[in-house]
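predicted model and sequence follow; I will ask about them next.
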Amino acid sequence: MERIKITVVLILWVPMRMWFIPRLQVEGIVDKECYDNCNCCENNSCHSQYGWPNVCTEGCIDRHRGARCYGLCTYHCVSCEKDDNVCSRCFEGYFPGPNKDCTSECPTNCKACTSDTNCTACKDGYYDKDWSTTCMYSICPENCECIGSTCATCKNGFYDTDNECNKECPPGFHGLDCSETCSIQCLNRTCGIGNGVCDYGCVDEYSGDKCCLRNGNCIKCASNTECKECKPGYFSYTCKETCPVNCIESCDIISGACSVCKINRFGPLCNFTCSESCKVPPNSKTRRCASFDGTCIFGCEDGFFGTTCNKTCNRLCIDNVCMRESGLCVNGCTDSYDEVECALRKPKVASDSSTSTYIVLAALLALATAVLCILIVWTMVKKMRSTNR
């Protein structure tokens, strides 16, 4: 009986082995990174089967084949189940072709195709129309810069967005209809069609993005002859005027007003000094007052008030301290309360003479009370003695 069982197992095992071994062993190019592991199995899923390890249970990743998925497809195959040269699927841009090896290319704008004249899917940005089958039409026309599928601006050298930028701009011109001339000071006389900025910089001595001024002080031009942004330290449309000495870097191109003043300077032209009555900041690199209007940032020194601490507290203020906004004496006044600044009164302290009077009166009251108590007790004792007799 035992021999029969062994015979049956052998009968079943031999044909299964003959069927399975060819599927485990592959010919052609192999991927050594996948040979002793599950790296090339779909989802890294594999197990042992019929004594063979690492048999893939969910198939292979792209370009791999065989039961253990370490064989490689050739050319542009995504999958090649039976033969490494016979593809069942191709990578984007290729189709099987007459040899089924995915070496045939689709038309340029195709994502997938069945032949070199028939696309089944177009690459992003392209489409078919009017019975075309090669994705020859672009969602964004060739000479346009698009927002979505709308031609927003033209590429350099072209114009007329209403007609897909199909008009070429002649050298030396720019603008929506190419009617404006590039600055004659642009090197090679060429500039950007949309903004007129010189492509290759300026000829000698000129500055600005459109080479508008014959000095080195312009950064951005308002036109071919005027500047709108000067280099730090200069202002005016010709950038010949220098900013006030106490400005930090730039100033307004028209008025020359400073954007920011040096420490402890203020005013449009930074020609005023912060009040000496402003409290000194803890850090010497920090300004005492605001650059725009001179407001003291950290408050006033004792004895002064106001936004710029330029007013003096009333001489009657106790400790010489008053409120910054109103000048009212914080701790009250030392004398008269008729002054406006003395509106904040402190409770009046009793004088020494008054205190002495209160002490004397209290002593007399206590003495009188003691005498009265003695008289009452004496009277009661006297009555009790009379009764006993």
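Perfect, I can see it now.

please report the distance of the spatially most central residue of the chain from Lys123.
By C-alpha atoms, centre = their mean, the mean C-alpha position of the chain lies nearest to Ile147, the distance being 23.4 Å. Per C-beta to C-beta, to the nearest Å, Ile147 is found 19 Å from Lys123. In short, each C-beta sits where N, CA and C put it, glycine included.

kindly report the same for Leu372.
Counting by C-beta to C-beta, the separation of Leu372 from Lys123 is 121 Å.

ok, those two, which is more surrounded?
For Leu372 against Lys123, the residue with the higher neighbour count under other C-beta atoms under 10 Å is Lys123, and the figures read 17 against 10.

wait, that one sits on Pro107?
No: with contact defined as C-beta atoms under 8 Å, Lys123 and Pro107 do not form a contacting pair (9.9 Å).

anything in contact with each of the two?
Common neighbours of Lys123 and Pro107 (criterion: C-beta atoms under 8 Å, 6 or more residues apart in numbering): Cys135.

what helix or strand is Ala362 on?
Element membership for Ala362, per DSSP states H and E: helix 352-388.

what's the burial count for the residue lying closest to Cys230 once chain neighbours are set aside?
Counting by C-beta to C-beta, 6 or more residues apart in numbering, the nearest residue to Cys230 once its immediate chain neighbours are dropped is Cys239, at 3.9 Å. One way to gauge burial is a neighbour count; for Cys239, by other C-beta under 10 Å, it gives 25.

thinking Cys239 is in contact with Lys231, fair?
Yes: Cys239 is within contact range of Lys231, at 7.1 Å (criterion: C-beta under 8 Å).

what is in contact with the two at once?
When contacts are counted by C-beta under 8 Å, 6+ apart, Cys239 and Lys231 have Asn217, Cys218 as shared neighbours.

run through who's touching stretch 173-182.
Taking C-beta under 8 Å, 6+ apart as the criterion, the residues outside stretch 173-182 that touch it are 159-160, 167, 169-170, 172, 189-196, 198, 210, 224.

buried set for stretch 60-68?
Buried residues in stretch 60-68, defined by neighbour count with 16 or more other C-beta atoms under 10 Å: Cys60, Ile61, Arg63, His64, Arg65, Gly66, Ala67, Arg68.

from those residues, pick the one nearest Arg288.
Of all these, the one sitting nearest Arg288 is Ile61; the distance, using C-beta to C-beta, is 70.6 Å.

quick one, what contacts the closest residue to that closest one other than its chain neighbours?
With sequence-adjacent residues excluded and distances taken as C-beta to C-beta, 6+ apart, Ile61 is closest to Cys40, at 5.4 Å. With contacts taken as C-beta under 8 Å, 6+ apart, Cys40 has the following neighbours: Asp31, Glu33, Cys34, Cys56, Cys60, Ile61, His64, Cys69, Tyr70.

distance check, the closest residue to the third one other than its chain neighbours against Cys77.
Spelled out, it's Cys34. Counting by C-beta to C-beta, 6+ apart, Cys40 is the residue found nearest to Cys34 once chain neighbours are left out, at 3.6 Å. Applying C-beta to C-beta, one obtains 14 Å for the distance of Cys40 from Cys77.

list the contacts of Cys73.
Counted by C-beta under 8 Å, 6+ apart, Cys73 has contacts Arg63, His64, Arg65, Ser79, Cys80, Asp84, Cys87.

10 Å instead?
28-29, 60, 62-65, 79-81, 83-90, 101-102 (C-beta atoms under 10 Å, 6 or more residues apart in numbering).

one more: Gly306?
Ser275, Ser277, Thr295, Cys296, Cys300, Thr312, Arg324, Glu325, Ser326, Gly327.

burial count for the nearest residue to Glu325 once chain neighbours are set aside?
Residue nearest to Glu325 in three dimensions, not counting chain neighbours: Phe305, with 7.4 Å by C-beta to C-beta, 6+ apart. When neighbours are counted by other C-beta under 10 Å, Phe305 registers 24.

who does Phe305 bridge with?
For Phe305, the residues forming beta bridges with it (DSSP bridges) are Lys311.

wait, it sits on Cys278?
No: Phe305 lies out of contact with Cys278 (C-beta atoms under 10 Å); the separation is 11.7 Å.

mutual contacts of these two, please.
Gly299.

under the pLDDT cut-off, which ranges of the chain? List them.
Low-confidence segments of the chain, defined by pLDDT under 70: 1-28, 50-51, 336-337, 345-358, 360, 377, 381, 384-389.

and Asp177, that's in a strand?
No: going by DSSP: H, G, I helix; E, B strand; the rest coil, the assignment for Asp177 is coil, not a strand.

how many other residues sit next to it?
Burial of Asp177, expressed as a neighbour count using other C-beta under 10 Å, amounts to 11.

got a list of what Leu344 touches?
For Leu344, the residues meeting the contact criterion (C-beta under 10 Å, 6+ apart) are Cys317, Cys322, Met323, Ser326, Leu328, Cys329, Val330, Asn331, Gly332, Cys333.

let's see that with 6 Å instead.
Contact criterion C-beta atoms under 6 Å, 6 or more residues apart in numbering gives Leu328, Gly332 as the residues in contact with Leu344.

next: Asn320.
By C-beta under 6 Å, 6+ apart, the contact list for Asn320 reads Asp302, Gly303, Cys313.

roughly how far apart are the residue lying closest to it once chain neighbours are set aside and Ile254?
Among residues not flanking Asn320 along the chain, Gly303 sits closest, at 4.6 Å (C-beta to C-beta, 6+ apart). Summarising the geometry, the distance separating Gly303 from Ile254, computed by C-beta to C-beta, is 42 Å.

can you check Ser207 too?
According to C-beta to C-beta, Ser207 stands 19 Å off from Ile254.

ok, Cys289 next?
Taking C-beta to C-beta as the criterion, Cys289 is separated from Ile254 by 26 Å.

then Thr103?
Taken as C-beta to C-beta, the spacing of Thr103 relative to Ile254 amounts to 69 Å.

for Cys243, same thing?
When C-beta to C-beta is the yardstick, Cys243 and Ile254 sit 12 Å from each other.
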